[in-house]
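Student: Provide a 3D model corresponding to the input given below.
(2 chains)
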Amino acid sequence: MMVPSEEIRSRGVVWTPLLRDALIAGLIGWLLFAPLTGVALAGYDWVMHWERPLWLAGIVAAGRLLMGWVMARRRLSGIHEGRGAWSGLGREPSFIFTMISGWRALAKSGAWREKYSKLIYIIVTITALLPPLFLGKYWLNVAILALIYVLLSLGLNIVVGLAGLLDLGFVAFYAVGAYGYGLGSHYLGLSFWSALPFAAVLAAGCGVVLGFPVLRMHGDYLAIVTLGFGEIVRLLLNNWVSLTGGPNGIRVPFPSVLGVEFSRRASPGYVTFHEYFSIPYDSVYRDKFMYLLLLIVVCGMVFFVRRLRRMPLGRAWEALREDEIACRALGINPVTVKLSAFGLGAMTGGVGGVFFAASQGFVNPTSFTFMESAHILAIVVLGGMGSTSGVIVAAVILTVLPETLRDFAEYRGLLIGLAMVLMMIWRPGGLLRARRAVFQKPG
Amino acid sequence: MNLHILAQQAVNGLVLGSVYGLIAVGYTMVYGILGMINFAHGDIYMISAYLTAIFLALLTFFGLKSIPLILLLVLLLTMVFTALYGWAVERIAYRPLRNSSRMAPLISAIGVSLILQNYVRMAQGARNQGMPPLLEGNIRLLTSGAEQFVQITHTQVLIILTAFVSMGLLQFLIHHTALGRACRAVQQDRVMAALLGVDTNRIISIVFTLGAGMAAVAGTLVTFNYGSFDFFIGFVIGIKAFTAAVLGGIGSLPGAMLGGVVLGVAEAVFSGYVNTDYKDVFAFSLLVLVLIVRPSGLLGRPEVEKV
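Tutor: All right, here's what the predicted structure looks like:
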């Protein structure tokens, strides 16, 4: 590594070791990239791309140089605030960096949140009511998907963020919910409104049955068991053709409200929405209704999580996450407390699945791959584990971004992976840090 | 019940199981030393499958004719480069998180897994890749009549032999060399080993390279045998190899191999007699079952929680 004393003597960044490190990093990078990016397989043949590894190695070397420089500056200015590798940048006489550091100080104090919390709630609620008024059918569907992801991430946030249990098969509960509605309406004639509690209970039941044996053991096993469970559910849905229709999927009816349907023609005993209000038929009413319904559910979920965090149960989740042994010593039963978080998360996943199935009108197993679990986990990680507002923001951004930037969709997996690694190294608390529930004196 | 079919499935299972065992070694060593599940290990295996095809293509392009020499060189090159990947993953994504919360390295590992999959997908294309078969021919055992025989291909023999030889070498390395002694010391107590002058960071790096190297052996052998792979193969085989590691007792090297063979044979018999479509479901259910019934595995010791 470098020689800090030499830096102190010369009162400046010593470039030789930095350049040497960058060169070594570039060389290793070239070795790593050379076979896999330099030779592209094509059938039994191959194509040479000698320039690709060179570019990538150059990027690695430049990145290493930048990182070394930032770290050297940080050592020189002698500040070590927090763990953030970028915190030294706040001292650079640059407009952007000053802004970042100012914003960080503001965010850290948390005072602004207390002061303007009511105003923020009002603004967010009004903004959330806007999409059905202004958006067309396509973007309204994107907004619905975003709300579904908000719901799912809030559910996973209970498990991962609050209780500190890594659930890598969250999509399984989502699938249980979606297929619970799909199969329930197909075989049992369940309507949307009866499928909702049915699927929620079914998903929560799956969560409890799976969680109970695993949660008794050391933490990390849960991650791999849930990963396996997610795959089991997907394989069952895919292979059990006689029950689920296999890869072809299953059709799902759209919900009706109080005997009013949103289809063009009413089924016997029902009235359609446009006939009821005597307006011309437009399929977008259906999506508007779906959006508003989901918005109500999401608001309810936000409120529910807020209350939960202040309740003994919510505090027990966070306490267990921090120190399980201390909690056991204080008489908290870790298995039941963890199980409640896991079951609640699973239930939310199930509800999200019902809404997904209803809004798509169709479900098949390709919607429930591991990539989906990773996507929801990435939302929770980027939003900040345990932070409700952060998770909502991350869910909206990560759903809308791939729709606006097609290139982003192509690089989505890579960027999500990079973001997960970098977040863990630099900002494990997430982009918007979670606020601790603190006891406040009344008045 | 037809004994020949059972014997055939046992042979297939043994081949599959030695592959699981080779990959499980990486999980078990990393878990033993760091207490974390390296989710990216399956994708390291996937990388080695691609590297095998690439080195084979390059070597034949440079005019190498002798098949044993090609096999050996491809195996060695793939091992070295895959080990480099294992080293880099640890250095970049896990080492900075050594002292952070328990969940941080796991999430980072998921991130690495996504990065590797998408990196290979972008560099090599999303579609299935293929490789021409190198070794032809097979051996027939227990022949009785024209339809009744147990067949084992030369590649399968090669897989079993290489797997057991490399496992033996690794076992020797861990139990009879100074490096292995340092590895075992770090596994038992990292802080104490550091106090006694063991460079723990170096040992952890070496464990990751060894694990990746063993996964590369598996990747090379499987690619020689099946010749078909894509960027997503690491996912399922990763979970199965982890199952093998848990089954054998996590942290134990012979346990990993035993768990691999048991899982491989069980899976082959299941797909031979019950249903091929559900063989993955069977393997994953076995994982859950083992964790419930005997979490310390066949050869492992029960985990003791230290305060």
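
Student: for the strand or helix carrying residue B:214, buried residues please.
Tutor: In the assignment (DSSP states H and E), residue B:214 maps to helix B:200-226. For helix B:200-226, burial by neighbour count (16 or more other Cβ atoms under 10 Å in any protein chain shown) applies to B:200, B:203-225. In this view, the C-beta of every residue, glycine as well, is placed from N, C-alpha and C.

Student: what segments of the stretch 251-400 of chain A are strands?
Tutor: A:260-261, A:271-272, A:362-363 (DSSP state E, counting those that start in this stretch).

Student: residue B:20 and residue B:244 touch, don't they?
Tutor: Yes. Residue B:20 lies in contact with residue B:244 (Cβ atoms under 8 Å); the separation is 4.3 Å.

Student: ok, the two, which is more surrounded?
Tutor: Of the pair residue B:20 and residue B:244, residue B:244 is the one with more neighbours under other Cβ atoms under 10 Å in any protein chain shown, namely 34 against 31.

Student: part of a helix, is the more buried one?
Tutor: Yes. Membership of residue B:244 in a helix is supported by DSSP: H, G, I helix; E, B strand; the rest coil.

Student: that one and residue B:24 touch, don't they?
Tutor: Yes. Using Cβ under 8 Å, residue B:244 makes contact with residue B:24 at a distance of 4.1 Å.

Student: remind me which helix or strand residue 182 belongs to.
Tutor: Since no chain was named, I'll use chain A. Here residue A:182, judged by DSSP H and E, is contained in helix A:170-183.

Student: meant chain B, my bad for not saying
Tutor: Element membership for residue B:182 (DSSP H and E) is helix B:178-188.

Student: quick check: next helix or strand after that helix?
Tutor: For helix B:178-188, the following helix or strand on the C-terminal side (DSSP H and E) is helix B:190-195.

Student: alongside chain B, which residues does the stretch 1-150 of chain A contribute?
Tutor: Within reach of chain B by Cβ under 8 Å from any Cβ of the partner chain, the stretch 1-150 of chain A has these residues: A:28, A:31-32, A:35-37, A:39-46, A:52.

Student: let me know the pLDDT of residue A:262.
Tutor: Listed pLDDT for residue A:262 reads 70.

Student: read off the pLDDT value for the residue lying closest to it once chain neighbours are set aside.
Tutor: Take residue A:262 and drop its neighbours on the chain: the residue closest to it by Cβ to Cβ, 6 or more residues apart in numbering or on different chains is residue A:286, 3.9 Å away. Looking at residue A:286, its pLDDT stands at 79.

Student: please apply the same query to the one 4 residues further on.
Tutor: Looking at residue A:290, its pLDDT stands at 86.

Student: was I right to think it contacts residue A:360?
Tutor: No. Between residue A:290 and residue A:360 there is no contact under Cβ under 8 Å: 10.3 Å.

Student: who's more crowded, those two?
Tutor: Neighbours were counted for residue A:290 and for residue A:360 using other Cβ under 10 Å; residue A:290 has more, 23 against 20.

Student: what residues does the more buried one make contact with?
Tutor: A:144, A:355, A:358-359 (Cβ atoms under 8 Å, 6 or more residues apart in numbering or on different chains).

Student: if we go to 7 Å?
Tutor: Applying Cβ atoms under 7 Å, 6 or more residues apart in numbering or on different chains, we find residue A:290 in contact with A:144, A:359.

Student: low-confidence bits of the stretch 51-200 of chain B, can you list those?
Tutor: Residues of the stretch 51-200 of chain B meeting the criterion pLDDT under 70: B:142-147.

Student: go on, the stretch 201-307 of chain B?
Tutor: B:301-307.

Student: chain A contacts on that one?
Tutor: Residues of the stretch 201-307 of chain B that fall close to chain A, judged by Cβ under 7 Å from any Cβ of the partner chain: B:235, B:239, B:242, B:277-278, B:280-281, B:284-285, B:287-288, B:291-292, B:295, B:303, B:307.

Student: can you pick the most crowded of those?
Tutor: When neighbours are counted by other Cβ under 10 Å, residue B:242 leads those with 29 neighbours.

Student: how about it, nearest residue that isn't a chain neighbour?
Tutor: Counting by Cβ to Cβ, 6+ apart, the residue nearest residue B:242 is residue B:27, at 5.1 Å.

Student: please point out which parts of stretch A:54-61 sit buried.
Tutor: Buried residues in stretch A:54-61, counted by 16+ other Cβ under 10 Å: A:54, A:56-57, A:60-61.

Student: do the same with stretch A:39-54
Tutor: Result for stretch A:39-54 [16+ other Cβ under 10 Å]: buried residues A:39-41, A:46, A:52-54.

Student: one step back: and the helix holding residue B:182, what other elements does it pack with?
Tutor: helix B:3-34, helix B:154-176, helix B:200-226 (3 or more Cβ pairs under 7 Å, 6 or more residues apart in numbering or on different chains; DSSP states H and E).

Student: by contact count, what packs against the longest one?
Tutor: The elements that helix B:3-34 packs onto, with contact taken as 3+ Cβ pairs under 7 Å, 6+ apart, are helix B:41-61, strand B:150-153, helix B:154-176, helix B:178-188, helix B:200-226, helix B:233-248, helix B:253-273.

Student: that one to helix B:233-248, inter-axis angle?
Tutor: Angle of helix B:3-34 versus helix B:233-248, following axes from the mean of the first three to the mean of the last three Cα atoms, to 10 degrees, is 90 degrees.

Student: just say helix, strand or coil for residue B:126.
Tutor: Applying three-state DSSP: residue B:126 is coil.

Student: give me the neighbour count for the nearest residue to residue A:385 once chain neighbours are set aside.
Tutor: Excluding its sequence neighbours, the residue lying closest to residue A:385 (Cβ to Cβ, 6+ apart) is residue A:161, at 3.7 Å. Counted with other Cβ under 10 Å, residues neighbouring residue A:161 total 30.

Student: residue of the stretch 201-307 of chain B with the smallest distance to chain A?
Tutor: Residue nearest to chain A within the stretch 201-307 of chain B: residue B:284 (3.7 Å; Cβ to the nearest Cβ).

Student: list the contacts of that residue.
Tutor: A:228, A:231-232, B:239.

Student: and for residue A:329?
Tutor: Contact analysis of residue A:329 by Cβ under 7 Å, 6+ apart lists nothing.

Student: so it versus residue A:313, what's the distance?
Tutor: Noted for residue A:329: a distance of 19 Å to residue A:313, by Cβ to Cβ, to the nearest Å.

Student: outside of stretch A:335-345, which residues touch it?
Tutor: Against stretch A:335-345 from outside (Cβ under 7 Å, 6+ apart): A:155-156, A:158-159, A:162-163, A:165, A:167, A:204, A:207-208, A:211-212, A:215-216, A:313, A:316-317, A:320.

Student: out of those residues, who's near chain B?
Tutor: Counting by Cβ under 7 Å from any Cβ, nothing from the contacts of stretch A:335-345 sits close to chain B.

Student: and the residue lying closest to residue B:264 once chain neighbours are set aside, what does it touch?
Tutor: Leaving aside its sequence neighbours, residue B:264 sits nearest to residue B:17 (Cβ to Cβ, 6+ apart; 2.4 Å). By Cβ under 7 Å, 6+ apart, the residues touching residue B:17 are B:260-265.

Student: what's the local residue count around residue B:282?
Tutor: Neighbour number of residue B:282 under other Cβ under 10 Å is 17.
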